[in-house]
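1. Turn this into a model:
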Amino acid sequence: MSDGRINHDRLRDVESHRLEKGPSLPIIEESAIRFLLRALPETHELDSLRQLLHLHLDQSASASRSEDERIDSSILLQRQAMPVLSSAAIKATALRNLAQCFRLKYKRFGNFNDLDQGITCLFEATVMDPEDSEQKLALFGDLGYFHHERFRRTGQLETIDQALQFFGTATSLASEDQVKRSELILGQSQCYLDRFYILGELPHLETVISLLSETIILVSEDQSIYPQIMNTLGSAYAARFSRLGQLEDIDMALGCKTQAIERYSGTAADRGMWLSDLAGLYFTRFERLGQIEDTSIAIKYQRAALALVSNDVSEKTILLGQLGEIYSLRFERTGQPEDFDQAIECLSQVAYLTPQQDPKKLRALMSLAPLYRQRFLRDHNPLDLVSAIDSLEEATGFLPVNHPNKPATYSHLGDLYHTRYEITKELADLDKEIEYLALAIGLIPKEHPMRSRLLMNIATAQELRYESTGKREDLDKPIAYYQQIIQQSYVPDPLTRFEAASSWAKLDSSSLEPYEAMVQMLPQLFWLGSLDNRCYEPKLNIENITTQVVAAAIAAQSYETALQWFDICRLSAWQKTLQLRGKALAQLRSSNQELARNLENVARELNQAPMSNNEQAAMMRRQLALEWDSLLTSIRLLPGLEGFLMPKKPAEILRAARFGAVVLVNMHESRCDALTMRPDQEAVSHVSLPSLTVPKVLSARSELDKLIHVTGNDSNEAQSDAFEGLLRMLWDDVVQPVLDHLGYIVQTPDKKLPHITWCVTGPLAGFPLHAAGRYEEPRARTFSYAVSSYTPNLSALLVEPADPSQVKKILFVGQAAEDTSIPERPSVTELVGDKATPQAVLHEFDSHTWVHLACHISQSAVQPAASVFRLHGGDLTLAEILGKQRNDGGIAFLSRCAAAERDTGVPAEGFPVGTGMIMAGFSTVFATLWVPHDAEVAMVTRGVYARLLDKDNESSTKLADSLHHVITRLRNEVGEKSFARWVPFVHIGL
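-> Numbering: from 1, shown residues only. This next block holds a predicted model:
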C-alpha cells in the first residue's frame, strides 16, 4: 500500500502465508521419526538406527536442542533410514515426510537447494507409490504447493504452469473428498492469481473468481478453510478492480474480506495481516469515491492490525508505515492538521524501530523529510526544518555512492538548507546548500535532464552568497555556473538556458555574451511555447527582453548589433503565427522541392501544435522544433541558400532606410536612446535621450489611456490641456533631440519634408510621435519638419512598397448601413452586414491586393494573433489572416480599428493589429490609434483614396505623404488643438 492503493505483492505474501499454514516443525519432524520407527523392519542390524531415532525424540522432548539442530538431525536420520524401508508404499510416505522437512528448512533459512531437494523427494515418491494409493492425491497436491513456492522465488512462468498442472491432477483425484478438493482449488486459484499479477491476463482472474465462487457454496461457514477461500476471493475481486476500475468489484472485495475476518480463528499475527489488507481496500475506495468515512474505517482496521502484531517489530514497522501513508494522503485531501501530525508520528516510529540495514528505515526517513518541511511551512516551527534536514542527512548515510536516488536526495537537502537560509540569513546554511548541490552535480552525468536545474540552483545560491559578502570570487562562481548551463549540449528545457543567460547578464552587464545567448534562444522558446504562460513575468516578457538587450548593445556602442537584436526579438514573437512566404521560399522550391515541402509541413504543424502544459504536447513541440532545426541545417548547405531564414545582417538592415530616415527609440530602465539610419549614410547614429524615463512614460501612458477611452467630442478644455501636455513631453524628450540630430529642424519651410519611420519599444510604443510638439510655440511640431510613419520591426521595411496605381481590386468589409467613403468603382467588392462572415472575407483575401476593414476589434498585446475583428457574421481572428500566406504586399486600411488600444499590464508593440497586418504580408497599413468620430473617418478615407487612386498625382506612390496631406487639411478644418479628431490616424509600413 505504498501508494495508498491495492498492494498485490502484499496480498500475495499474505495468501502465501495462509496456504502454507499447517503443522509446526516439532509436529512434522516428530511424526516423520515415529513413522520410521513403525516402518523399520524388526532386525538386529537396525537396532543402532532405532536407538538414534529414540534418542532424537527424547532430546526434542527435553528441549535440549534448538529447532535448527533438530531439523538437521531429523533429515539426516530420515536419509539413513530410507534404503532399509521394506516396501515402495512405505518408502513413498517416508519421502513425502522428508520433503516436508526440507520445505520447513527452506522456509527457515531460505536456501533454495532445500526446496529443490523436497521437490526431488516428492517426484521419487510419486514414482514409488502404487497407482491405487490414496496418497497420490496428497503427493500431487504437495508438488503443486512446492512448485508454487518455487515460482515465488524464481518468477519462472513454466514453474507456476507446472504447479497448476499438479493441482489439477490432485483436484481430479479428490472428487469424493469435498474438504480436500476445496483446499486444492484454493491452492490452484492462488496460482492463477499470481499468474495474473505477472501477466495481467484477465481470463486468469475470471478463472479464480469462478472457481472460488463455485467452491464457497459447498463449504460450510464453520469449516476452517471457509475464511481462507473468502479472503482469496476478495483478493481476486480487488485485483479485478485495479484492472477494470468497476466499483462493484471493490465492494465485493470488501465484503469477502470482511466475512473472512469475522470467521477467522487463526493466530493473532495472521488476523493482523488480514485487517491490514482490509484497511488498504477501504483506502483504495476512498481514493476513488472521496468518501472520508472510508479513511476512518481504514485507519480503524490498520490500528487494530497494529494491536495484534505489537510484539513483532518487523511486521509492526510495515503496518506503521502504511498507516502513516494513509494519514498523509488523507491530509492531502482534507487538510486536517491532526492527520498530518499522525503521519509524522507513525513514520517517526518506523524510523526509530527499524534497524539501520532495513530498507524500511530509509523509506521512512525519505518520507519524513517532506512532511517535516510541509509542517514547517504551516507552523513556522524551526524545529520541523531541523527534523527534515536530520531525516534526509541520516538517509543519505544508508544510500550507496552509486545509488540512483543519491543525487536527488542531495538536491532536496540543498533545498532544505536554502529554506533555512531564507529564515536565518546565516552563511553557514547557504554554504551547506552549495555543498549538497555540488555533491549532487558531481554524481550525475552531463547529459542528465536534472543537471541544468541543479546548476541553476547552485548558481542562484552562489549569487546570494555574493550579495552577502561582496567578494569577487563569489561573483565569479555563479557566472561560471550560468556559463556551464548555456554551453551544455543537452538542456531539456530551453527556458532554463535562457534564464541562465538572463541571470548572467544581470551580474555582468559589461559583457554582450549573455545578451547574445538570450537573443539566439528566443526563436526556439517561441516555437516551443515556453513563454506563453509566463509572459506576465517581467524577465520573460518579450518587450522587456527586447529593450534589455538593445540597451546593453547601445551601452557597448555596438549600434548595428542593437538593431539586429531588436529585429530578432520582435520577429521571434510572431514566428509561431507566420507561415513561410516570399522570395526565400520560392528560391528554396526552385532548388529543392522536397525540402521546401517538408519545411512547409513542419512550419504548419508547429503553428497548429497544441500549447497545453501536458508532457505529451510539450514532447510534440520539442520534436517538431528539432525537425525544423534539422531541415534548416540541410537547406543552408544548398548553394545560394547559406543564409536561408537567418537573422538579417546589419548591412541588410541598413537598407530599411533607403526611402527615408528610420529611428529606433529604445526605452529601458537603465537608459533611453534613439538609433537613426539615413539613406545617405552607411552607419548607425546614436542619440541619447536622458530626459526620457520609464516612470515618466508609464505615467503618461496611464493618462493617454484615460484620454483614449473618453467618449464624446474633444471640446473639453481639460482634455485638450492633458493632450497638449503629453505631446509636449514627446517633443521635448524624444522628437526634438532626434530632429536636431538628423538636421531636419534647420530646413526651410518651402522645402519638401523628409520622411521618418518611427520604431518604438517599451511603454513608449503606441504614443503619437507624429503629433508631438509645443503647441504654444510656432512650428515646434513633428509634422512641420517630417512626414511620419511607424513600423513594428525593421525587416518590414525591407520589402517592396505597394503601388496604388497597380491595385486592381479593393475589398471592403464593414457594417450594413455605413457610408463606406470609398469611391464607387467596379473593382470594389463589398462584404457588409450578414455577408461579412469570416469565411467569406478570407476567401476574398486571395484576390484583392487592397483590403479595407471598417469594423471593431478586440485585441491582445500579449498574444496579438489572438486579436479579433468583430464582423456581423462572426469573429475573424488575426491568426486566420496570418494563415493566408500573402506574398504580394498590398494595402490594408483599418478605418474603425483602434490599433493602439490594448489590454493593459504588459508593455508591447504599439500597434498589435496594425503589426499583425504587416506580418500578414501587407506592406502598408492605414490605421487609427483609437476609434475617431465618423465624420473624420469619412473625410480621411475619401481624401486618402482620392490621392492614392489619382494617377496624375505625383504623390500617388507616396502612401505616407498622402495621409500626411489629408491630415493637414483635416487639422486646418477642425483646429490644431482638436487633438482627438486628427491625432489617431497613422501610417504603418512603407
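2. which ones are touching residue 227?
-> Residues near residue 227 by Cβ atoms under 8 Å, 6 or more residues apart in numbering: 259, 260, 261, 262, 263, 264, 265. (Each C-beta comes from the backbone N, C-alpha and C, glycine too.)
3. Would you list the buried entries among those residues?
-> Neighbour-count burial (16 or more other Cβ atoms under 10 Å) applied to these gives 259, 260, 261, 263, 264.
4. JSON lines for those, including secondary structure?
-> What follows is the buried ones among the contacts of residue 227, written out as JSON lines (DSSP: H, G, I helix; E, B strand; the rest coil):
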{"residue": "259", "secondary structure": "helix"}
{"residue": "260", "secondary structure": "helix"}
{"residue": "261", "secondary structure": "helix"}
{"residue": "263", "secondary structure": "helix"}
{"residue": "264", "secondary structure": "coil"}
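5. just the strands in the stretch 551-700 of the chain please.
-> Ranges of strands within the stretch 551-700 of the chain are 661-668, 671-677, 685-688, based on DSSP state E, counting those that start in this stretch.
6. wait, which of those is closest to residue 174?
-> Nearest of the strands of the stretch 551-700 of the chain to residue 174, taken as Cβ to Cβ: strand 661-668 at 89.6 Å.
7. about what we covered before: can you list the strands of the stretch 551-700 of the chain in TSV and add distance to residue 428 and mean pLDDT?
-> Shown next, in TSV, are the strands of the stretch 551-700 of the chain (distance: least, Cβ to Cβ, whole Å; pLDDT from 0 to 100):
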stretch	distance to residue 428	mean pLDDT
strand 661-668	38	97
strand 671-677	40	97
strand 685-688	47	97
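8. Out of the ones you listed, which gets nearest to residue 460?
-> strand 661-668 (23.8 Å).
9. what lines up beside that closest one in the sheet?
-> strand 671-677 (antiparallel), strand 755-760 (parallel) (DSSP bridges).
10. give me the number of residues near the spatially closest residue to residue 548 that is not a sequence neighbour?
-> The spatially closest residue to residue 548, leaving aside those adjacent along the chain, is residue 668, at 6.0 Å (Cβ to Cβ, 6 or more residues apart in numbering). Neighbour count of residue 668, defined by other Cβ atoms under 10 Å: 20.
11. I figured residue 668 was touching residue 546, is that so?
-> No. Applying Cβ atoms under 8 Å as the test, residue 668 and residue 546 come out as separate, 9.2 Å apart.
12. In the stretch 401-550 of the chain, where is pLDDT below threshold?
-> Counting by pLDDT under 70, the stretch 401-550 of the chain has low-confidence residues at 489-493, 527-540.
13. circling back: mind putting the contacts of residue 227 in TSV, distance to residue 272 and pLDDT included?
-> Listed next are those as TSV, based on distance: Cβ to Cβ, whole Å; pLDDT from 0 to 100:
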residue	distance to residue 272	pLDDT
259	18	93
260	13	92
261	10	90
262	15	90
263	16	90
264	11	86
265	14	82
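14. so which of those would you say is closest to residue 718?
-> The closest of the contacts of residue 227 to residue 718 turns out to be residue 261 (Cβ to Cβ; 84.4 Å).
15. in the chain, which spans are strands?
-> Secondary structure of the chain (DSSP state E): strands located at 661-668, 671-677, 685-688, 755-760, 787-790, 810-814, 828-832, 850-853, 857-858, 868-871, 874-877, 891-898, 924-928, 985-989.
16. So what are the structural domains in the chain, by residue number?
-> Following automatic domain parsing, one gets these domains for the chain: 650-790, 802-989.
17. For burial, what's the neighbour tally of residue 702?
-> Residues near residue 702, counting by other Cβ under 10 Å: 12.
18. can you tell me the average pLDDT over stretch 707-719?
-> For stretch 707-719, the mean pLDDT works out to 63.
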